[in-house]
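Visitor: this is a predicted model, with the sequence first.
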Amino acid sequence: MKLSDVRDILDAEVIVGEENLDMEVKTAFGADLMSDVLAFAKSGSLLLTGLTNTQVIRTANVLDIAAIILVRGKKPSTETISLARELKIPILTTKYILFETAGRLYMKGIVGCLQKVENASGRS
């Protein structure tokens, strides 16, 4: 699916990365704990989160995340927008909550980075 399709499905506003709307995405991961994102998200995935600080951008950069989808109508700070532009990481914002955002994308064919963890530590 193209990032432009994601935008349409989520009735999202593009904050950064209008030029990347032809990018293909197949997977997503949703979390507000960046330690979980680092442990479980995969390169090329969408990151669904309610966090708007620069740490989200830095984490996305480390993992080569395709784009960040901010949920609950969250808006990033000027500093966060500047860093995303510099690192060429698209940011979209939607008014849907995280659960609804994930569900809408899943119904249209986006799958999770993983389905379940195998032990109590959270690692397979």
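Guide: Looks like it came in fine.

Visitor: burial of R72, as a residue count?
Guide: For R72, the count of nearby residues is 14 (other Cβ atoms under 10 Å). C-beta coordinates here come from the backbone N, C-alpha and C atoms, glycine included.

Visitor: how about the contacts made by I68?
Guide: Residues in contact with I68 (Cβ atoms under 8 Å, 6 or more residues apart in numbering) are 46-47, 49, 56-57, 60, 84, 89-92.

Visitor: give me the below-cutoff pLDDT ranges for the chain.
Guide: In the predicted model, the chain carries pLDDT under 70 at residues 119-124.

Visitor: and A66, how many neighbours?
Guide: 24.

Visitor: before we move on, the earlier item: can I get the contacts of I68 in JSON lines with neighbour count and secondary structure?
Guide: Output for the contacts of I68, formatted as JSON lines (neighbours: other Cβ atoms under 10 Å; DSSP: H, G, I helix; E, B strand; the rest coil):
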{"residue": "L46", "neighbour count": "28", "secondary structure": "strand"}
{"residue": "L47", "neighbour count": "26", "secondary structure": "strand"}
{"residue": "T49", "neighbour count": "24", "secondary structure": "strand"}
{"residue": "V56", "neighbour count": "25", "secondary structure": "helix"}
{"residue": "I57", "neighbour count": "27", "secondary structure": "helix"}
{"residue": "A60", "neighbour count": "26", "secondary structure": "helix"}
{"residue": "A84", "neighbour count": "23", "secondary structure": "helix"}
{"residue": "I89", "neighbour count": "22", "secondary structure": "coil"}
{"residue": "P90", "neighbour count": "26", "secondary structure": "coil"}
{"residue": "I91", "neighbour count": "26", "secondary structure": "strand"}
{"residue": "L92", "neighbour count": "22", "secondary structure": "strand"}
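
Visitor: which residue lies nearest the spatial centre of the chain?
Guide: In the chain, the residue lying closest to the centroid (Cα atoms, centre = their mean) is L47, at 1.9 Å.

Visitor: noted, bye for now.
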